[in-house]
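S.K.: Structural data only, the sequence is not supplied:
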């Protein structure tokens with residue numbers, strides 16, 4: 001089989017506007033030759049070196065990890081699942097999004113030693129600028145709970161820190177559908193360079209997502225310049241057909257998504273996955289009563305983590321889920337890309 005290199009990834013994905021920006025290729029490149037640069041976040045760049053291209057050393061890890069090279073195979077609608085429940089955290093989560101159920105599941109997993117690290121998104125509390133991070137303590141995880149996934153960050157780039165640098169072997173990945181798909185691609189791969197990463201990923205939690213936004217275009221242009229909203233004034237964001245901006249002084253400002261089109265990452269326009277069908281557990285605010293999170297348990301791995309959190313008294317389930325609403329938003333996103 002012909003070996004694929006970053007050149008193939010560049011021509012098939014980066015140059016065609018398909019890149020999701022998940023950061024998987026950055027993480028698995030053994031030469032650390034790929035990165036995202038400030039001011040050009042549409043796709044990674046190469047530092048002019050590639051083991052395969054320059055030294056004829058078999059590699060292709062970046063291509064093998066990309067969730068967008070087989071876009072036609074992308075799952076749609078709700079995907080397969082065992083159960084869908086409404087759930088909430090039993091303990092206080094100050095900055096929780098909806099019911100704080102994802103935080104509860106992860107906190108319990110850390111406390112019980114089911115996982116030893118979480119690859120997730122954090123944000124600067126002053127600028128609200130997001131970054132990917134490796135979190136290993138439940139109190140830190142609670143501190144960083146909240147609506148930070150609306151803004152783009154190459155989440156999976158931190159897998160290299162977690163697996164290679166810090167040697168964690170029981171990792172949970174939490175991210176939007178493209179990141180969940182990339183994590184699953186890595187887990188399922190028989191590529192020698194991906195195998196250490198795949199073995200280390202124990203749990204994948206995917207978050208409902210319509211699209212993600214470029215930080216500079218959303219915060220600096222749309223919120224600061226056009227609406228005089230400073231980042232430190234923002235308490236949380238909520239996207240349910242529109243963007244609701246909740247401020248620290250209890251004000252709420254709603255912005256139609258059509259007005260934010262310029263801030264949406266290009267790769268989001270081809271994504272048809274709303275509910276993160278490749279995850280072990282999917283979660284979102286849509287469909288559940290106020291104060292609850294909709295949890296989609298997709299397989300035995302997901303069920304095990306949810307059940308453990310319930311048994312340990314950190315997660316509570318209950319309340320009806322409006323599945324029709326979830327399906328409607330999933331169908332709307334699935335219509336974006338016509339084959």
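M.R.: Nice, thanks for sending it over. Model, not experiment: these values are computed from the prediction. Residues are numbered from 1 along each chain as shown.
S.K.: And the helices in the chain?
M.R.: Ranges of helices in the chain, per DSSP state H, are 6-9, 24-28, 51-55, 61-65, 101-112, 138-143, 159-160, 177-188, 195-200, 215, 226-227, 300-311, 323-334.
S.K.: now the second one: mean pLDDT?
M.R.: Meaning helix 24-28. Mean per-residue pLDDT for helix 24-28: 97.
S.K.: Likewise for the third one?
M.R.: Per-region confidence: helix 51-55 scores 81 on mean pLDDT.
S.K.: What about the closest residue to residue 209 other than its chain neighbours, how many residues nearby?
M.R.: Leaving aside its chain neighbours, residue 209 sits nearest to residue 176 (4.1 Å; criterion: C-beta to C-beta, 6 or more residues apart in numbering). From N, CA and C alone the C-beta is placed, and that goes for glycine too. Using other C-beta atoms under 10 Å, the number of residues around residue 176 comes to 27.
S.K.: Kindly report the same for residue 216.
M.R.: Counted with other C-beta under 10 Å, residue 216 comes out at 16.
S.K.: And for residue 44?
M.R.: 25.
S.K.: Find the nearest non-adjacent residue to it, please.
M.R.: Going by C-beta to C-beta, 6+ apart, residue 44 has residue 34 as its nearest residue, at 4.6 Å.
S.K.: mind checking how far the one you found is from residue 164?
M.R.: Relative to residue 164, residue 34 is positioned 15 Å away (C-beta to C-beta, to the nearest Å).
S.K.: more crowded one of these two?
M.R.: The neighbour comparison of residue 34 against residue 164 (other C-beta under 10 Å) goes to residue 34, with 25 against 16.
S.K.: Report the beta-bridge partner residues of that one.
M.R.: residue 46 (DSSP bridges).
S.K.: circling back to that earlier point, check the residue nearest to residue 44 and give its pLDDT.
M.R.: On the pLDDT scale, residue 34 gets 95.
S.K.: Let me see the domain layout of the chain.
M.R.: Each domain of the chain is listed here as a residue range: 6-72, 76-212+266-334, 215-263, per automatic domain parsing.
S.K.: which residues of the stretch 51-200 of the chain score low on pLDDT?
M.R.: Filtered on pLDDT under 70, the stretch 51-200 of the chain yields the residue ranges 72-76, 95-97, 146-149.
S.K.: let's go with 80 and repeat that
M.R.: Within the stretch 51-200 of the chain, the stretches with pLDDT under 80 are 71-76, 92-98, 144-151.
S.K.: Now do the strands in the stretch 201-339 of the chain.
M.R.: Ranges of strands in the stretch 201-339 of the chain, per DSSP state E, counting those that start in this stretch, are 201-207, 234-239, 242-247, 252-256, 281-284, 293-297, 315-317.
S.K.: worst average pLDDT in the ones you listed?
M.R.: Mean pLDDT is lowest for strand 234-239 among the strands of the stretch 201-339 of the chain, at a mean of 80.
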